[in-house]
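**Q** Please find the sequence and the predicted model below.
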Protein chains: 2
Amino acid sequence: MALCYYKGAFLPREEVFLPVTDLSIQRGIGVFDSLRTYGKKPFASTEHLQRFIDSAEASGFRGLSSREEMDGIVREGVRRMDEDVLVRLYCTGGDVNRHGLFPEPRLFILFESIAPKLFPASCYSEGVALFSMDCPRPNPLIKSIDYMLPYVAKGGRTEYLEGLYAPGGIIGEATSSSFFIGLQGKLITAPEGEVLAGVTRKFVLELARQAGVTVEERAPRMEELEAAEEAFISSTLKEIMPVVKVDSQKVGNGRPGALTQHLRRLYLQKVEAFIRE
Amino acid sequence: MALCYYKGAFLPREEVFLPVTDLSIQRGIGVFDSLRTYGKKPFASTEHLQRFIDSAEASGFRGLSSREEMDGIVREGVRRMDEDVLVRLYCTGGDVNRHGLFPEPRLFILFESIAPKLFPASCYSEGVALFSMDCPRPNPLIKSIDYMLPYVAKGGRTEYLEGLYAPGGIIGEATSSSFFIGLQGKLITAPEGEVLAGVTRKFVLELARQAGVTVEERAPRMEELEAAEEAFISSTLKEIMPVVKVDSQKVGNGRPGALTQHLRRLYLQKVEAFIRE
């Protein structure tokens, strides 16, 4: 089941279309955000909605709904779905480009059953592989729809889950996830601003600090993967997922690491508490 | 007047829509190309159609129409328009992403009157200004719809026509144009592969070489703008357009250069010959 909120109405997703003049189609102009429900309750919706609005404003989109309005739409959409939901908010450039300002953006919000989008258990028990890309994420201050480069770079290779932006060997983030390594017991990840302000990333760092883990917010280097005990990625959909290989480089002993598994347990406990609260 | 070819039919542009599930809307996955008519005849259509097909194939799009088929559609669309036309071909990722391969891409072709899209005469008589961006074009081998970054970088600044990709001060190309400088009588422009294979760019280099101008295919550096006699950009829509300023740096004496004007005359003669042929 899938719904789409567009122009004030909730419709079956298959009935919503955008004109070919929309700048998302013609020039890739759009921002988005994803949030999910646990126990039919939107998780971290304030953070996701605020980031969505910040992305839209930083992109020169004008006249978007308020966060409160969007929060109401999200809750109503979730209410209409009969299971846990992945909510994806999109704002496109619309038809009008005023020298890089977009006065008539288009908003639509997708509500889709989350179950078919979740990853197989083996991704967590065995870990996943990433491929490196010698380029940065286009703009780490905006969660834009700019995925042409990493998607095309994947080029059909099923052995990798996604790409890892590593311009000049300096690791930023993955295609759709934040990236962390565990090195000498410390947790290392690139700082906000150099990478997208990941909502799950922020929770991971909070949980790690609360658990007494030393956190270094600096971009890891590709050559540190060899010495690293472990690595993982985080995102709304993946939560915390172990990375055991980057290109042909095995990370640690090639198995999910202890810190990764510890943080994943803490994260799932946080989710459990959220469902009960 | 504007038509759109989609799924075998020519329709008014305003009647063509894509589903919100299309990957151009959700993930910026799409390629395009633009060609124009002079005297109602498609100009350099073989080059543009071939580049469009090359872009689509390099992006993992499968099952596109042949060049001959597309050529027939372009000619039929032009025939249905009552004036000179800008033809824009688009291929989007469609709804299906198989690990970076796109087996069900969507093709649509826009036919729009070119007159409202042309630039005012002052752009040619006085020249235009560009702003520099410290980043490369995402992928110079694919004419993708990836314009989020340069459009947002423009941010409402009307004094600049467009951006100039200059990562680390090494000049590649402009947002929607190839970029050239004239320095000590030589014509200098970044080589294909480092920049998009511009169709107009290729004609400019041919005309320059035929006119006995020395051509250097290497990326100019930002600091060379100070010593340069002149600069210009080229594209299908702009043909050859003088650049007199980059950021706050005046180029040459701040007026359109002699080589620019000479090459522009040669280009317009080539077009005249094409119309008569």
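**A** Thanks, I have the structure now. Numbers count the residues shown, from 1 in each chain, chains lettered A, B, ... in the order given.
**Q** so is the residue nearest to A:Asp146 when sequence neighbours are not counted in a helix, a strand, or just coil?
**A** Spatial nearest neighbour of A:Asp146, excluding adjacent residues (C-beta to C-beta, 6 or more residues apart in numbering or on different chains): A:Pro138 at 4.6 Å. Bear in mind the C-beta positions are built from the backbone N, C-alpha and C, glycine included. Reducing the assignment at A:Pro138 to three states with DSSP: H, G, I helix; E, B strand; the rest coil gives coil.
**Q** pLDDT at A:Pro138, what is it?
**A** At A:Pro138, the model reports a pLDDT of 87.
**Q** contacting residues for it?
**A** Neighbour list for A:Pro138: A:Ser144, A:Asp146, A:Leu149, B:Cys135, B:Pro138, B:Asp146, B:Met148, B:Leu149 [criterion: C-beta atoms under 8 Å, 6 or more residues apart in numbering or on different chains].
**Q** cool, and A:Glu15?
**A** So A:Glu15 contacts A:Cys4 (C-beta under 8 Å, 6+ apart).
**Q** Am I right that A:Leu118 is in contact with A:Leu237?
**A** Yes. The criterion here is C-beta atoms under 8 Å, and A:Leu118 meets it with A:Leu237 at 7.0 Å.
**Q** what is in contact with these two at once?
**A** Common neighbours of A:Leu118 and A:Leu237 (C-beta under 8 Å, 6+ apart) do not exist.
**Q** quick one, strands of the stretch 151-277 of chain A?
**A** Using DSSP state E, counting those that start in this stretch, the strands found in the stretch 151-277 of chain A span residues A:162-165, A:178-183, A:186-189, A:215-217, A:230-235, A:239-246, A:249-250.
**Q** related to what we said a few turns ago, a markdown table for the contacts of A:Pro138, including secondary structure and distance to A:Arg255?
**A** Formatted as a markdown table, those follow (DSSP: H, G, I helix; E, B strand; the rest coil; distance: C-beta to C-beta, whole Å):
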| residue | secondary structure | distance to A:Arg255 |
| --- | --- | --- |
| A:Ser144 | strand | 35 |
| A:Asp146 | coil | 34 |
| A:Leu149 | helix | 31 |
| B:Cys135 | coil | 38 |
| B:Pro138 | coil | 35 |
| B:Asp146 | coil | 37 |
| B:Met148 | helix | 38 |
| B:Leu149 | helix | 38 |
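**Q** Contact residues of the stretch 101-250 of chain A facing chain B?
**A** Within reach of chain B by C-beta under 8 Å from any C-beta of the partner chain, the stretch 101-250 of chain A has these residues: A:101, A:108, A:110, A:135-136, A:138-139, A:142, A:144-149, A:151-158.
**Q** Could you rerun that using 7 Å?
**A** Contact residues (C-beta under 7 Å from any C-beta of the partner chain) of the stretch 101-250 of chain A with chain B: A:101, A:108, A:138-139, A:144-149, A:151-158.
**Q** and A:Leu187, bridged to which residues?
**A** Counting by DSSP bridges, A:Leu187 is bridged to A:Gly182, A:Val215.
**Q** unless I'm mixing things up, it is touching A:Ala208, no?
**A** Yes. Using C-beta atoms under 7 Å, A:Leu187 is in contact with A:Ala208, at 5.0 Å.
**Q** Find residues that contact each of the two.
**A** Taking C-beta atoms under 7 Å, 6 or more residues apart in numbering or on different chains as the criterion, A:Leu187 and A:Ala208 both touch A:Val215.
**Q** one step back: looking at the strands of the stretch 151-277 of chain A, which is buried most?
**A** Using mean count of other C-beta atoms under 10 Å in any protein chain shown, the stretch among those with the largest mean neighbour count is strand A:230-235, at a mean of 26.
**Q** List the strands paired with that strand, with their directions.
**A** In the sheet, strand A:230-235 lines up against strand A:178-183 (antiparallel), strand A:239-246 (antiparallel) (DSSP bridges).
**Q** would JSON lines of these with mean pLDDT be doable?
**A** Listed next are these as JSON lines, based on pLDDT from 0 to 100:
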{"stretch": "strand A:178-183", "mean pLDDT": "98"}
{"stretch": "strand A:239-246", "mean pLDDT": "98"}
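**Q** Tell me how many other residues surround A:Glu159.
**A** If you count neighbours by other C-beta atoms under 10 Å in any protein chain shown, A:Glu159 ends up with 9.
**Q** Taking the contacts of A:Pro138, tell me the two that lie furthest apart.
**A** Maximum pairwise distance in the contacts of A:Pro138, criterion C-beta to C-beta, is 13.5 Å, between A:Ser144 and B:Cys135.
**Q** and the two? which has more neighbours close in?
**A** Higher neighbour count among A:Ser144 and B:Cys135: A:Ser144, with 24 against 19, using other C-beta under 10 Å.
**Q** okay but that one is in contact with B:Met148, surely?
**A** Yes. In this structure A:Ser144 lies within contact range of B:Met148 using C-beta under 7 Å: 4.8 Å.
**Q** Let me see the ranges of the helices in chain A.
**A** Secondary structure of chain A (DSSP state H): helices at A:23-27, A:45-58, A:67-80, A:121-125, A:148-154, A:199-210, A:224-227, A:258-276.
**Q** so which of those is the most packed in?
**A** Most buried of the helices of chain A, by mean neighbour count (mean count of other C-beta under 10 Å): helix A:23-27, with a mean of 25.
**Q** Who are the contact partners of the closest residue to chain B within the stretch 101-250 of chain A?
**A** Closest to chain B within the stretch 101-250 of chain A is A:Lys154: 3.1 Å, counting by C-beta to the nearest C-beta. A:Lys154 makes contacts with A:Tyr160, A:Gly163, B:His99, B:Gly100, as judged by C-beta under 7 Å, 6+ apart.
**Q** neighbours around the third one, how many?
**A** As a burial measure, the neighbour count of B:His99 was computed by other C-beta under 10 Å and equals 15.
**Q** Including distance to A:Phe32, could the contacts of A:Pro138 go into CSV?
**A** Converted to CSV, the contacts of A:Pro138 look like this (distance: C-beta to C-beta, whole Å):
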residue, distance to A:Phe32
A:Ser144, 8
A:Asp146, 10
A:Leu149, 17
B:Cys135, 21
B:Pro138, 18
B:Asp146, 16
B:Met148, 12
B:Leu149, 16
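**Q** Lowest pLDDT pick from those residues?
**A** Lowest pLDDT within these is found at B:Pro138 (87).
**Q** For the residue nearest to A:Val243 when sequence neighbours are not counted, give me the pLDDT.
**A** Excluding the flanking residues, the one nearest A:Val243 by C-beta to C-beta, 6+ apart is A:Ala231, at 4.2 Å. For A:Ala231, the pLDDT comes out at 98.
**Q** doesn't A:Val251 make contact with A:Ala231?
**A** Yes. Using C-beta under 7 Å, A:Ala231 is in contact with A:Val251, at 4.6 Å.
**Q** for A:Ala174, which residues make a bridge with it?
**A** So, taking DSSP bridges as the rule, A:Ala174 has A:Leu164, A:Ser177 as bridge partners.
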